[in-house]
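[1] 3D, please:
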Amino acid sequence: MTRTLLFIALTLQINLFAQDHSHGGAKPMKYPDIEGYKTLKTDLHIHTVFSDGNVWPNIRVMEALRENLDAISLTEHLEYQPHSTDIPHPVRNRSYQLAFEEAKEHNLLLVHGSEITRSAPMGHNNAVFIKNANPLLQDKAETAFAEAKKQNAFVFWNHPAWYAQSPKGTPILSEFQKERIKHNELHGIEVINTTDYSEEALALALEENLTIMGTSDIHGLIDWDYTEKGNHRPITLVFAKEKTLESLHEALFTGRTVAVYNNLLVGKSEYLIPLIQNSVKVTKAIYRPKSEVLELILKNVSSSDLLFQNEMDYSFYDSSPVFTIAAGQTKTLLLKTLDHKSSIELKLKALGCFIAPKVQPVITWTVETTKD
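    All right, here's what the predicted structure looks like:
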């Protein structure tokens, strides 16, 4: 084989390999603001090579920028350092410092954080908005939590239903967690971690007034673990007064959040309902000529596919009572109102949304109509 033919053959092989392993890249995520607050897209549970992750800290910043996130936190394990032989770093703040250098040139909030890693019943917990990670490295878990409180950190319980620590796959609220809540040392709980949604964790969040969290807990590449599988990373939407670290900190302590993973949205009704209301815009409400059939065009301005069920007395002319409005797309509904209405109450149950275990909210929009 000549050199030219060999070069062509190798080039074709490389191109085919690249095609087989190519990826479209993460898409920017969009979610609307709600009245009085800015909606901040956050991922506050992320790892790099400075604990048991597989990428350098600046890559985490670049990934977040591609996805249009507003804030991230690199939460390295304090006690678990499998790469320490190759990357020794007695200063546990090093991951944050490297990411900060990358993030400071961009409109991305970087939250200083660390993960307190223990076996059950203490479990894994993230302390974010810390000032210095080193004092959190303590022999006793109680002392580590006390130090986090001293630094005014927001602390949340990671993957409480993780079967490796809770074999039945359900969270166990031990005396340790009860004491931390009592002493204002535990403030939130992950109801979504990676691809896992825990109804029991949501129940605990509501019972104990813990902030509802959703995180990627990413160790590899976002593209490999999520994007190439057709998903976006799990995130926490935080409803803050403005896009600042101070406002984000206040909103987390107040519990103004919704956890999101693809078309699953979980949060308290006072935040989830207005989020869905603002995610769907009625762009057209007009009666078809010579009929009492109302044409509605609904546009989903969020990055989640939204699944609805008709909860009105009116039925649809040409659609199932259960339908999806894809992210960024529109859906046309023909509504049989039987006579002309100057306005209607569009009432839909949001099937992919939960305000309590197995409880889905009914969302209402007031729609003014016109005749063709």
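[2] Convert the C-alpha atoms of the helix or strand harbouring Thr283 to CSV, please.
    In this assignment (DSSP states H and E), Thr283 forms part of strand 280-287. Extracted in CSV, the C-alpha atoms of strand 280-287 (Å, rounded to 0.1, in the frame of the first residue of the first chain):
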residue,chain,number,x,y,z
VAL,A,280,-45.7,27.8,29.8
LYS,A,281,-46.8,30.8,27.8
VAL,A,282,-50.2,30.9,26.0
THR,A,283,-49.3,32.5,22.7
LYS,A,284,-52.7,32.1,21.0
ALA,A,285,-56.3,31.7,22.2
ILE,A,286,-58.7,32.1,19.3
TYR,A,287,-62.0,30.4,18.3
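[3] Pull the distance from that strand to the chain's centre.
    29 Å (Cα atoms, centre = their mean, to the nearest Å).
[4] and if you look at stretch 307-322?
    Here the centre of stretch 307-322 is set off from its chain's centre by 29 Å, with Cα atoms, centre = their mean.
[5] same check, this time on stretch 209-222
    7 Å.
[6] what does stretch 191-202 give?
    Between the centre of stretch 191-202 and the centre of its chain there are 11 Å (Cα atoms, centre = their mean).
[7] so what's the residue nearest the centre of the chain up against?
    Computing the C-alpha centroid of the chain and ranking residues by Cα atoms, centre = their mean puts Ile235 first, at 1.5 Å. Each residue near Ile235 by Cβ atoms under 8 Å, 6 or more residues apart in numbering is listed here: 29, 41-43, 69, 214-216, 259-261. Glycine gets a C-beta too; all of them are placed from N, C-alpha and C.
[8] As CSV, those residues with secondary structure would be great.
    Listed next are the contacts of Ile235 as CSV, based on DSSP: H, G, I helix; E, B strand; the rest coil:
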residue, secondary structure
Met29, coil
Lys41, strand
Thr42, strand
Asp43, strand
Leu69, coil
Gly214, strand
Thr215, strand
Ser216, coil
Ala259, strand
Val260, strand
Tyr261, strand
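[9] from those, which single one is nearest Thr117?
    Distance to Thr117 across the contacts of Ile235 (Cβ to Cβ) is lowest for Thr215, with 15.0 Å.
[10] how many other residues sit next to the closest one?
    28 (other Cβ atoms under 10 Å).
[11] Would you map the helices across the stretch 251-372 of the chain?
    Along the stretch 251-372 of the chain, counting by DSSP state H, counting those that start in this stretch, helices occupy 269-279.
[12] So, low pLDDT: which residues of it?
    Residues of the stretch 251-372 of the chain that meet the criterion pLDDT under 70 lie in 372.
[13] CSV for the contacts of Ile235, including distance to Phe50?
    CSV is the format used below for the contacts of Ile235 (distance: Cβ to Cβ, whole Å):
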residue, distance to Phe50
Met29, 26
Lys41, 24
Thr42, 20
Asp43, 17
Leu69, 20
Gly214, 23
Thr215, 18
Ser216, 17
Ala259, 26
Val260, 27
Tyr261, 26
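[14] Out of those, which is nearest to Ser343?
    Closest to Ser343, out of all of the contacts of Ile235 and judged by Cβ to Cβ, is Val260, at 31.2 Å.
[15] leaving aside the residues next to it on the chain, what's closest to that closest one?
    Of all residues not flanking Val260 in the chain, Ile235 sits nearest, at 5.4 Å (Cβ to Cβ, 6 or more residues apart in numbering).
[16] Read off the pLDDT value for that neighbour.
    Looking at Ile235, its pLDDT stands at 98.
[17] if I look at it, how far off is Thr337?
    Plainly put, Ile235 is 38 Å away from Thr337 if you go by Cβ to Cβ, to the nearest Å.
[18] And Pro90, by the same measure?
    From Pro90 across to Thr337, the span is 70 Å (Cβ to Cβ).
[19] Between the two, which has more neighbouring residues?
    Set Pro90 next to Thr337 and count neighbours by other Cβ under 10 Å: Thr337 wins out with 17 against 8.
[20] Got the phi and psi for the more buried one?
    phi -90, psi 0 (degrees, to the nearest 10).
[21] How much space separates it from Lys347?
    To Lys347, Thr337 is 13 Å away according to Cβ to Cβ.
[22] and what of Glu142?
    In terms of Cβ to Cβ, Glu142 sits 49 Å off from Lys347.
[23] likewise Asn54?
    47 Å.
[24] ok, now Thr283?
    18 Å.
[25] quick one, which of those two is more surrounded?
    When neighbours are counted by other Cβ under 10 Å, Lys347 comes out ahead of the other of Thr283 and Lys347, with 15 against 10.
[26] Tell me the bridge partners for the more buried one.
    Note on Lys347: beta-bridge partners by DSSP bridges are Thr364.
[27] isn't it right up against Ile363?
    Yes - counting by Cβ atoms under 8 Å, Lys347 does reach Ile363; the two are 7.4 Å apart.
[28] how about the closest residue to Glu175 other than its chain neighbours, what does it touch?
    Once flanking residues are discounted, Glu175 sits nearest to Pro121: 7.5 Å by Cβ to Cβ, 6+ apart. By Cβ under 8 Å, 6+ apart, Pro121 lies in contact with 172, 174-177.
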